[in-house]
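Asker: Provided below are the primary sequence and the corresponding predicted coordinates.
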Amino acid sequence: MSTPMKIALIIGSLRKASINRKFAAYIASQMPKNVMVEEVHIADLPLYNQDYDDTTIDSYEHVRQQLKAADAVLIVTPEHNRTMPAALKNVIDIASRPYKDSVWRDKKVAVMTASPSNYGGINSGLDVHKSMQMLSAKMMIHPEVYLSRATESLNDDGSVTERTQQYLQKFVNDLVAFVGSNDA
Ligand SMILES: Cc1cc2nc3c(=O)[nH]c(=O)nc-3n(C[C@H](O)[C@H](O)[C@H](O)COP(=O)(O)O)c2cc1C
């Protein structure tokens with residue numbers, strides 16, 4: 001039997017009807033049986049403040065442990081005002097501290113973005129790469145998925161269209177290989 005693997009999933013949108021959540025759910029549904037996907041909930045995390053580094057905040061500890069325990073982190077996110085949403089940046093900051101105990105160092109991280117716009121939220125995705133580079137994470141570089149006109153990739157019932165399922169297949173395949181690789 002193949003080794004069980006765990007992916008921590010961060011969805012950058014807090015919106016109930018989030019299109020990014022729908023794409024994330026589809027990707028999670030395509031994972032092989034040995035890959036478990038667990039969401040890291042970010043909506044209720046207090047805004048990061050460096051003063052908190054000297055105290056214990058239960059919600060901070062919980063997400064840090066969840067991320068630490070994962071073999072990889074998948075971030076699926078919209079773009080807000082040409083960068084990543086504040087809630088996503090907040091969890092990245094929380095998990096980067098205390099300074100010598102960042103969860104991001106050598107962590108495998110993959111990101112995809114989706115937006116109804118023509119640009120697909122690319123700036124948000126590239127800004128995640130920028131932060132992760134600084135934090136010494138191991139980023140999945142290919143394929144880059146910044147899904148433009150993403151509302152057209154959803155059927156009326158919220159399911160992912162067949163065309164986009166085919167498009168996302170390489171991302172799913174490469175993500176599974178990336179999570180299982182020893183040299184990423
Ligand atoms: C505050 C705010 C800023 C936004 N800025 C951008 C943007 O810079 N680029 C973009 O493509 N879409 C932008 N949008 C539109 C989002 O892409 C759109 O609302 C999308 O559906 C959000 O993803 P979600 O459905 O997963 O929440 C913005 C939306 C909000 C609420």
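Answerer: Looks like it arrived, so ask away.
Asker: Need the nearest residue in space to Ile57, chain neighbours excluded.
Answerer: Closest residue to Ile57 apart from its sequence neighbours, by C-beta to C-beta, 6 or more residues apart in numbering: Pro46 at 6.7 Å. Where C-beta positions appear, they are placed from N, C-alpha and C, glycine not excepted.
Asker: next one: Leu14
Answerer: Setting aside the residues directly before and after it, Leu14 is nearest to Ala43 in space (C-beta to C-beta, 6+ apart), at 4.8 Å.
Asker: Show me the residue at the heart of this structure, geometrically.
Answerer: For the chain, the residue lying nearest the average C-alpha position, counting by C-alpha atoms, centre = their mean, turns out to be Ile75 (0.8 Å).
Asker: Let me see the contact set for that residue.
Answerer: Residues near Ile75 by C-beta atoms under 8 Å, 6 or more residues apart in numbering: 10, 12, 88, 109-112, 128.
Asker: Can you lay out those as JSON lines showing distance to Thr161 and secondary structure?
Answerer: Formatted as JSON lines, the entries for these read as follows, by distance: C-beta to C-beta, whole Å; DSSP: H, G, I helix; E, B strand; the rest coil:
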{"residue": "Ile10", "distance to Thr161": "24", "secondary structure": "strand"}
{"residue": "Gly12", "distance to Thr161": "22", "secondary structure": "coil"}
{"residue": "Leu88", "distance to Thr161": "26", "secondary structure": "helix"}
{"residue": "Val109", "distance to Thr161": "27", "secondary structure": "strand"}
{"residue": "Ala110", "distance to Thr161": "22", "secondary structure": "strand"}
{"residue": "Val111", "distance to Thr161": "22", "secondary structure": "strand"}
{"residue": "Met112", "distance to Thr161": "16", "secondary structure": "strand"}
{"residue": "Val128", "distance to Thr161": "25", "secondary structure": "helix"}
